[in-house]
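*Asks:* Next input, structure requested:
(2 chains)
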Number of protein chains: 2
Amino acid sequence: MRKVIIIGSGPAGHTAAIYAGRATMAPLMFEGMMAGGVAAGGQLTTTTEIENFPGFPEGIGGWELMDRMRQQSINCGAEVITETVDAIDLSKRPFTVTVDGTEHQAESIIIATGATAKRLGLPGEETFWNKGMSACAVCDGALPIFRDKPLVVIGGGDSACEEATFLTKFASKVHMLVRRDEFRASKVMGQRAMDNDKIEIHWNSAATEAKGDEFLSHVEIENLKTGEKKTLEANGLFYAIGHKPNTDFLTGQLELDESGYIITKDGTPETSIPGVFACGDVQDKKWRQAITAAGSGCMAALAAEHFLTSR
Amino acid sequence: MRKVIIIGSGPAGHTAAIYAGRATMAPLMFEGMMAGGVAAGGQLTTTTEIENFPGFPEGIGGWELMDRMRQQSINCGAEVITETVDAIDLSKRPFTVTVDGTEHQAESIIIATGATAKRLGLPGEETFWNKGMSACAVCDGALPIFRDKPLVVIGGGDSACEEATFLTKFASKVHMLVRRDEFRASKVMGQRAMDNDKIEIHWNSAATEAKGDEFLSHVEIENLKTGEKKTLEANGLFYAIGHKPNTDFLTGQLELDESGYIITKDGTPETSIPGVFACGDVQDKKWRQAITAAGSGCMAALAAEHFLTSR
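*Replies:* Residues are numbered from 1 along each chain as shown, chains lettered A, B, ... in the order given. Below is the predicted model of the structure:
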């Protein structure tokens, strides 16, 4: 029987492990093995340089940062197992986590399985990922390769409009590719994008290929109504087509919102089940940053510790 | 006219500066000059080694961490001025910040002035601060110098009971010094402390001196009713007598709670005034960790950016 099991190994999971470990809770972490399609360590392992995690003035590689956090969790007393959780039973305490046929029991659970940015799987995507292609404008928009260059944003929702507007700070021009002939975004967000001189909106349009040499330089697009094809010069291609929280294994176990995110009480890691806490992107569709995830991981560990001592 | 002025320079302020800088908001930060009684960089500058900030598996010095964050803010485009804000006018936009007789205007404000742990100013306190004396059990309780050693906690509120209970994980024994003959804490928290075999409660008692050689080794105490004096063996002395948020300059300007903390909408950095955001300990009396402060600083910068682009 464990005091706490942590599921997930991004900044939220590891910060929870560091705090739980230091509080002598001997946490057990299942870091996952390509869970949600990404390596243990989470989405940061798919980025190259991170400039906005405080404490690293020269930036730090995504892999290196997560490797350091993993080592810190272990130094603080966490046990880290490289397996993906298959099933969970939150219907009674102690909670049961099933991994590779083995059942593990815990008095509290911290869920930090994150979310995965949706990708289109365009031809050229694997080649140019992190070499012009990204799923996070806030994270990557300020990189030198995008300064005063034409960029492309794919998507028609609020996030797409917001990210396109954000990118005009850096770009010479931002093309938006919208599949339909109108935005899915709210009126005000859509209007802001349309009013922005630097944004050109391509309605009824989709990308068909990402092209370049070492880095992305062009995006092939197609008008879905007329079949007309065009080549856009573009040093950046940003997907803004949504995220998928990694919560399939939780269906029917605790309250999720309509998109599958875990519902937590505002400003806390508390889920609908006492003793079960959630942190990081699996419960956050607003901020989605490494540092906000880490902060919420700390809260989850402190809340779990408080839960165990106050029973 | 600035897009954003950031007041305060702890992990919250600097993370806000990093994010605002990267979003090309050219933030101006007043880092303070011994504001709230601590150096620029905030409360972390009063600690030695920090083991729980994720990304530093071997720990990092408080000064060094804040120095790195400051450099990162500047690298990201922030201007940092070592002055303390004297007055602020939030009654109309643009907001006005007065520093050393000069008025600075900004379209948005991020307040990250933190809180200061109250201290008693005991004889010996300056000598043994960080050498056995601390104001944060969660931060420092796990340090090797406290393992299996007798410790003293001063205070009679919820925090004091919680911290004393927390410290029993590490300590051989925890003495609680309570000035009155009962707890100010809630019944359940007080009962938990009283039920804990490792906690000895000294009612009507106060510390009079901290003693030791290189590190703290003894605490002199006095019974306030009988005048009886005793010497407790103690390798740790933890103040748990509350914090004072650094909000004196804000009185009458925006909504504060009865203890002087800035009221924010749960889970957001939004204050009672649109365009004014708060992050870190100045609005947080629950978590109070460097990493939670940093996370909220990121939110404040993103919210300010959103506020400015959506007007």
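*Asks:* In chain A, which helix is the longest?
*Replies:* helix A:290-309 (DSSP state H).
*Asks:* Show me which positions of that one end up buried.
*Replies:* Of all the residues in helix A:290-309, those buried under the rule 16 or more other CB atoms under 10 Å in any protein chain shown are A:290-305, A:307-308. Placement of C-beta: from N, CA and C, glycine included.
*Asks:* and that helix, what other elements does it pack with?
*Replies:* Packing contacts for helix A:290-309, counted by 3 or more CB pairs under 8 Å, 6 or more residues apart in numbering or on different chains; DSSP states H and E, involve strand A:2-7, helix A:11-22, strand A:102-111, strand A:276-278, helix B:158-167, helix B:290-309.
*Asks:* Kindly recompute the last result at 6 Å.
*Replies:* Under the contact definition 3 or more CB pairs under 6 Å, 6 or more residues apart in numbering or on different chains; DSSP states H and E, helix A:290-309 sits against helix A:11-22, strand A:102-111, strand A:276-278, helix B:290-309.
*Asks:* closest one to B:Thr127 among these?
*Replies:* Checking the helices and strands packed on helix A:290-309 against B:Thr127 by CB to CB gives helix B:290-309 as the closest, at 25.3 Å.
*Asks:* Please report how far A:Gln71 lies from B:Ala303.
*Replies:* In this view, A:Gln71 and B:Ala303 are 33 Å apart by CB to CB, to the nearest Å.
*Asks:* Quickly note the distance from A:Thr46 to chain B.
*Replies:* As for A:Thr46, its distance to chain B is 18 Å (criterion: CB to the nearest CB, to the nearest Å).
*Asks:* can you tell me which residues contact that residue?
*Replies:* Residues near A:Thr46 by CB atoms under 6 Å, 6 or more residues apart in numbering or on different chains: A:Val38.
*Asks:* now A:Gly36
*Replies:* A:116, A:246.
*Asks:* Assign a three-state SS to it, would you?
*Replies:* helix (DSSP: H, G, I helix; E, B strand; the rest coil).
*Asks:* got the residue ranges for the helices in chain A?
*Replies:* Counting by DSSP H, chain A has helices at residues A:11-22, A:62-75, A:125-128, A:137-140, A:158-167, A:187-195, A:290-309.
*Asks:* Tell me the bridge partners for A:Val80.
*Replies:* Assessed by DSSP bridges, A:Val80 has beta-bridge partners A:Met29.
*Asks:* Can you tell me which residue is spatially central in chain A?
*Replies:* Centroid-nearest residue in chain A: A:Ala115, 4.6 Å away (criterion: CA atoms, centre = their mean).
*Asks:* Quick check: it vs A:Ala293, distance?
*Replies:* Counting by CB to CB, the separation of A:Ala115 from A:Ala293 is 10 Å.
*Asks:* between the two, what contacts are shared?
*Replies:* Counting by CB under 6 Å, 6+ apart, nothing touches both A:Ala115 and A:Ala293.
*Asks:* and chain A, which residues reach chain B?
*Replies:* Contact residues, chain A versus chain B (CB under 6 Å from any CB of the partner chain): A:14-15, A:18, A:22, A:24, A:52, A:54-55, A:57, A:65, A:68-69, A:71-72, A:75, A:142, A:165, A:169, A:266-267, A:287, A:289, A:291-292, A:294-295, A:298-299.
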